[in-house]
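A.B. asks: Attaching a predicted model along with its sequence, questions to come.
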Amino acid sequence: MAYGLFDIRMPYTVSAQIAAADTTVPKNLVAWTATPILITDILLTNSDTADHIVALTYYTGTNSRRLGSVNVPARAGYDGAAPVSFFANGAPPNFGAWALVNAYSLQISVTVTMPAVVVVDAMAFGGYL
């Protein structure tokens with residue numbers, strides 16, 4: 001499947017879960033692999049009855065750069081509510097995808113520590129280039 005200038009060779013899906021114990025420390029969502037990866041969307045869910053802001057960080061191994069953040073409403077992805085697309089809500093307009101190469105990764109975090117038993121799930125979709 002071709003995606004603009006990129007040709008996805010094999011689908012790629014990965015997930016991560018943020019829990020209260022993770023506090024606000026960024027957690028790897030997409031870790032570097034020897035084969036470059038193109039991330040075409042990130043879906044977020046929230047099990048809490050309160051909204052949470054999820055931040056996406058680009059990590060180069062030595063430096064972190066905040067890419068943006070998105071509000072994930074209470075119970076998004078639960079009880080018939082749709083998950084939140086980071087690309088539709090937190091990325092620049094007309095943004096296509098992130099190509100990850102070298103030792104780079106994408107990390108997620110919440111901006112405020114969540115209560116116990118609450119989780120925010122993130123699932124990234126894309127493919128190996």
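C.D. replies: Received it, and whenever you're ready, just let me know what you need.

A.B. asks: wait, what's in contact with Gly90?
C.D. replies: Counting by Cβ atoms under 8 Å, 6 or more residues apart in numbering, Gly90 touches Leu56, Leu67, Gly68, Ser69, Val70. Where you see a C-beta, it was placed from the backbone N, CA and C, and this is true even at glycine.

A.B. asks: likewise Asp22?
C.D. replies: Applying Cβ under 8 Å, 6+ apart, the residues near Asp22 are Ser109, Val110.

A.B. asks: Phi, psi for it please.
C.D. replies: When read as degrees, to the nearest 10, the backbone of Asp22 gives phi -80, psi -10.

A.B. asks: Mind checking what secondary structure the residue nearest the centre of the chain has?
C.D. replies: For the chain, the residue nearest the mean C-alpha position is Ile42 (4.7 Å; Cα atoms, centre = their mean). Following DSSP: H, G, I helix; E, B strand; the rest coil, Ile42 is assigned to strand.

A.B. asks: mind listing the strands for this structure?
C.D. replies: Remark: strands assigned in the chain by DSSP state E are 2-3, 6-7, 10-19, 27-30, 37-46, 52-59, 64-72, 84-85, 98-100, 105-110, 119-128.

A.B. asks: Can you list the buried residues in the fifth one?
C.D. replies: Put plainly, it is strand 37-46. Neighbour-count burial for strand 37-46 flags Ile37, Leu38, Ile39, Thr40, Ile42, Leu43, Leu44, Thr45, Asn46 (criterion: 16 or more other Cβ atoms under 10 Å).

A.B. asks: I figured the fourth one was touching Phe125, is that so?
C.D. replies: Yes - using Cβ atoms under 8 Å, Thr40 is in contact with Phe125, at 5.7 Å.

A.B. asks: Residue ranges in this protein under the pLDDT threshold?
C.D. replies: 1-6 (pLDDT under 70).

A.B. asks: same thing but 50
C.D. replies: Within the chain, the stretches with pLDDT under 50 are 2.

A.B. asks: Excluding chain neighbours, give the residue nearest to Ala99 in space.
C.D. replies: Nearest non-adjacent residue to Ala99, counting by Cβ to Cβ, 6 or more residues apart in numbering: Leu38, 5.2 Å away.
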